[in-house]
Structure formats: structure tokens, C-alpha cells
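S.K.: Any chance you could fold what I've pasted below:
(chains A, B, C and D)
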2 protein chains.
Amino acid sequence: MSRTAGSSGAKTLAAIREAGLQLIYEHGYEAMTLRRLARKVGLQPGSLYNHIATKQELLFDLIHNHMITLMESLDKALEGHTNPVESLKAFTAFHLTYHIERKREVFIGSAELRSLDPENREIIVGLRRTYEDRLCAILEAGVASGDFIAEDVRVAAYAILAMLTGICTWYDPGGRIDRKALIRIHEQLVLDGVTKNR
Amino acid sequence: MSRTAGSSGAKTLAAIREAGLQLIYEHGYEAMTLRRLARKVGLQPGSLYNHIATKQELLFDLIHNHMITLMESLDKALEGHTNPVESLKAFTAFHLTYHIERKREVFIGSAELRSLDPENREIIVGLRRTYEDRLCAILEAGVASGDFIAEDVRVAAYAILAMLTGICTWYDPGGRIDRKALIRIHEQLVLDGVTKNR
DNA sequence: TATAAAAACGAACATACGTTCTTTTATTTT
DNA sequence: AAAATAAAAGAACGTATGTTCGTTTTTATA
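M.R.: Sure thing, here's the model as predicted:
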């Protein structure tokens, strides 16, 4: 056999991306073999190389795409909010929603950082830093306006991010807890953490 | 050559454990090769099998040991506390301290869960559940006594654990932030999250 | 001190990996 | 319709992996 009827580059690449995402999420980058990936897509191992340059490049593509989308979505979600309290609520809601919806991408984006080549890793770490900075800016604005109290803005930001991101390691969208309730509870937790009198 | 002068089973096993811990922490279980591990310990690859049964068993040993120690230490730390507020503070301080001191074990204990054989994984998941239950019990006691308010105890517990555990992914013991300050800040964050009027 | 056990070496094993290359067939372009 | 390109197959590559085995030397036991 050779080229399959109905085969199209764009469709196959999309299938490779989706299957790769799932396999890396399930087993990790190192544990995912290209043979397994090929089988899942319905190809021979060698045929993958008509669409990807290398296994490493596939990983970077997945993470990089995710980070770009994350940043763009965040900036859209924060648009129009000037009040620090409202901004923080918007950030919390966005972060939770996005991290629940893109559970796999988020997980890979942090767990497989170490599997990236140094140059690739640096790019991703830079993007992540930019994301953290958005939260820091909100907290700083709130401290300046007197709405928030935070002993150390960066510590508070990391604590908040850790708490929110941790959610998607156990949250089950089809489970007992409603998503809106989850967001409400965490908005409150986050706000209380930076507003209560000390 | 053959058996080295001064070689002792216990010492070599300890060296293998320590080197394995470090290598798995740095590169992940799948990415750690037994040849690399052997080189780090100063052995030939085959000689490892005088001390471990298999690569998988080494991973399980490391994680299992960690979980057992974690539980014992927690119960010691909670001993004598009856007041829910004090218990929660003690839990927070213990969790942070332990997770900072045993950064590597903690990381491996969650990141490499998926690298465990199903039977091994089940054992670890059970132990982890027991740990979470300790926190839930404290929160429930606090709700019953009127000290805490929590819409959903399990959600609150997971949020707290996620926040606290997330710390050890970025906290640098030699860095800008003092450990005692870190504990103080988080005790407050945690308490605020479950005590403030809604 | 003789004997058994432990701990190391070093070679070898089957297997699996990421990747390359040639060939064949389908699709697109001219 | 012919030519060029794209996408697949399938075999092969060198290399690395976890593990086993027979041998040798050191330590512990009797």
C-alpha cells in the first residue's frame, strides 16, 4: 500500500496533535512512543514524519500553542475590568474555567517542561511568567487602592495560582460538584485570602 | 574485577535509593535509565540487581516509604491538638515544613503515580486518601464547633492542599522568603478561607 | 581456618526506540 | 491529460534499554 484515499495533510496533523496530547497526558512524554502514537492515528511510524519534524517539536508545538491561547484568552477575560476586586474575580473565574476545560494541555504544560530542550523551555517559561505577572499586577493595584492586603504580592500570587491550578488535578466535570459552585467557592477563598483584616 | 573492598549491602542500597530519588526527580522515571543510575552510584548496571528486584520496585519503594513516613509524621504533629483552629494551624505548618524539606519525594509521589503498576498505584492512592481524610476531619470538627464555615468540606480540603502543595514547586529554601514567614502567611490564608463571614 | 554467602564485574540477551529512506499511490496543479 | 507534489507504506538503521547470567573476589558464618 501507499497513500490512502481521502488523506489530507491538515486532517492528519490535527489527528496527530490530538492523539499526542492524549497520550502524553496519560503516559508522559518519555513514555509515549511514536509507534503507539502512529497506531492511534492509523499510520505507520515513519509516516508521522510527513507532518512533524521530530518528537520534541511535537511536544513544543502542543505546549506553545496552549500558552499562546491561554494568554490571549486571559487578556480577553480581563478586558474592561478596572476595579481590582472585579479583576481578581474575573481572573479566578477565567483561570478555573480554562484550566478545567483544557485539563490536558495545562497538565502537560507544567509536567513536561523538563522534557523540553533548553531553548524551547526558556520560551515557555517566559510565557508563563507573563501570565503570572497579570495576577501580580491585579494584586498590586488592589494593594495600592487599599482593597487588598498582602504581605508579599508574589507569594500571594503563587499561593493563589497553586490553589487554583491544583483544582484541575482532581476536579471531575461530570462529578458531584457544579462548576459554577466551584468558581463561587474559590472566588471567595481567593478574595478572603487577600482582604481580611490581619 | 569483582566485589569491591569495603562494599556493604546496606550502604549500596541507600546510595541507590538516594541517587534514584535525585534522578527521577530531575528527569522523571521513564527518562531515568538504570545505566545512568548505576554510573551515579559507581556500579555496573547489572550489579544493581543485587539490591533491587526491578526498576519498578525501586520506584514503588521510594514512594511507599515516603507516604508511610508522611503519615507517621503528620499524626505526631497533630498529637495533643483538640481545638480545630489550632489543629488546622498545626496541619498547615507541618504540611509546609514537610513538603519543603522533602521536596523531591513529594514531587515524585504525585508526578510518578502514573508510572506505577496498577496494584502499586492503588496502594499509594489509598495512603494519600488517608492523608486527605485527616484534613477533612479537622475541617469537619471546625464546622461542627462553629469555628469554620465551609460550603463543601472536601472541596475546601482539596483547595487547601493544592495551595499548600503548590508551594514546594517554586519555594527556594535559600531564597528571599523566610520559611517562618511563609508558614505564617499561609496559616492566615488557610484560616481566612474557612473562617470569614460570607 | 574452612565454608557459605554477599557483592561486584563484564559480557550478553532480546526488545524497543526515534528516525531515515525508497517506493507506491493519491491528489493537486498546469 | 500530463506533470508535479503530497501522503502514505514498509523495511531498515544504529542505538539504547531493562534484565539475566556466569565468574570472581570480598565479607560473614561455622
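S.K.: what about the residue in chain A positioned nearest to DNA strand D, how many neighbours?
M.R.: In chain A, the residue that lies nearest DNA strand D is residue A:9 (1.8 Å; Cβ to the nearest atom of the strand). Bear in mind the C-beta positions are built from the backbone N, C-alpha and C, glycine included. The number of residues packed near residue A:9 is 9, by other Cβ atoms under 10 Å in any protein chain shown.
S.K.: Spit out the contact partners of it.
M.R.: A:50-51 (Cβ atoms under 8 Å, 6 or more residues apart in numbering or on different chains).
S.K.: separation between the most centrally placed residue in chain A and chain B?
M.R.: Centroid-nearest residue in chain A, with Cα atoms, centre = their mean: residue A:106, separated by 3.0 Å. As judged by Cβ to the nearest Cβ, to the nearest Å, residue A:106 and chain B stand 13 Å apart.
S.K.: Over to residue A:55?
M.R.: Residue A:55 is 13 Å from chain B, by Cβ to the nearest Cβ.
S.K.: Just the pLDDT for that residue.
M.R.: If you check residue A:55, the pLDDT there is 98.
S.K.: Distance check, the closest residue in space to it that isn't next to it in sequence against residue A:140.
M.R.: Spatial nearest neighbour of residue A:55, chain neighbours left out: residue A:34 (6.0 Å); criterion: Cβ to Cβ, 6 or more residues apart in numbering or on different chains. Distance, residue A:34 to residue A:140, using Cβ to Cβ, to the nearest Å: 46 Å.
S.K.: try residue A:38
M.R.: Distance from residue A:38 to residue A:140, by Cβ to Cβ: 49 Å.
S.K.: Could you chop chain A up by domain?
M.R.: A:7-52, A:55-195 (automatic domain parsing).
S.K.: Now do the one helix or strand residue A:36 maps to: which elements does it pack against?
M.R.: In this assignment (DSSP states H and E), residue A:36 forms part of helix A:34-41. Helices and strands touching helix A:34-41, by 3 or more Cβ pairs under 8 Å, 6 or more residues apart in numbering or on different chains; DSSP states H and E, are helix A:9-27.
S.K.: Spit out the contact partners of residue A:73.
M.R.: A:94, A:98.
S.K.: mind checking pLDDT for it?
M.R.: 98.
S.K.: State the distance from it to residue A:124.
M.R.: 17 Å.
S.K.: And for residue A:131?
M.R.: Residue A:131 is 11 Å from residue A:124, by Cβ to Cβ.
S.K.: shared neighbours of those two, anything?
M.R.: Joint contacts of residue A:131 and residue A:124 (Cβ under 8 Å, 6+ apart) are residue A:67.
S.K.: Among these two, which residue is more densely surrounded?
M.R.: More crowded of residue A:131 and residue A:124, by other Cβ under 10 Å: residue A:124, with 19 against 14.
S.K.: how deep is residue A:14 tucked in, by neighbour count?
M.R.: Using other Cβ under 10 Å: residue A:14 sits among 13 other residues.
S.K.: Same check on residue A:113?
M.R.: 14.
S.K.: Which residues of chain A lie near chain B?
M.R.: A:26-28, A:30-31, A:111, A:114-115, A:151-152, A:155-156, A:158-167, A:169-170, A:177, A:181-182, A:185-186, A:188-189, A:192-193, A:196, A:198 (Cβ under 8 Å from any Cβ of the partner chain).
S.K.: 7 Å instead?
M.R.: A:27-28, A:30-31, A:111, A:114, A:151-152, A:155, A:158-159, A:162-163, A:165-167, A:170, A:177, A:182, A:185-186, A:188-189, A:192-193, A:196, A:198 (Cβ under 7 Å from any Cβ of the partner chain).
S.K.: Would you list the buried entries among those?
M.R.: A:28, A:30-31, A:111, A:155, A:158-159, A:162-163, A:165-167, A:177, A:182, A:185-186, A:188-189, A:192-193, A:196 (16 or more other Cβ atoms under 10 Å in any protein chain shown).
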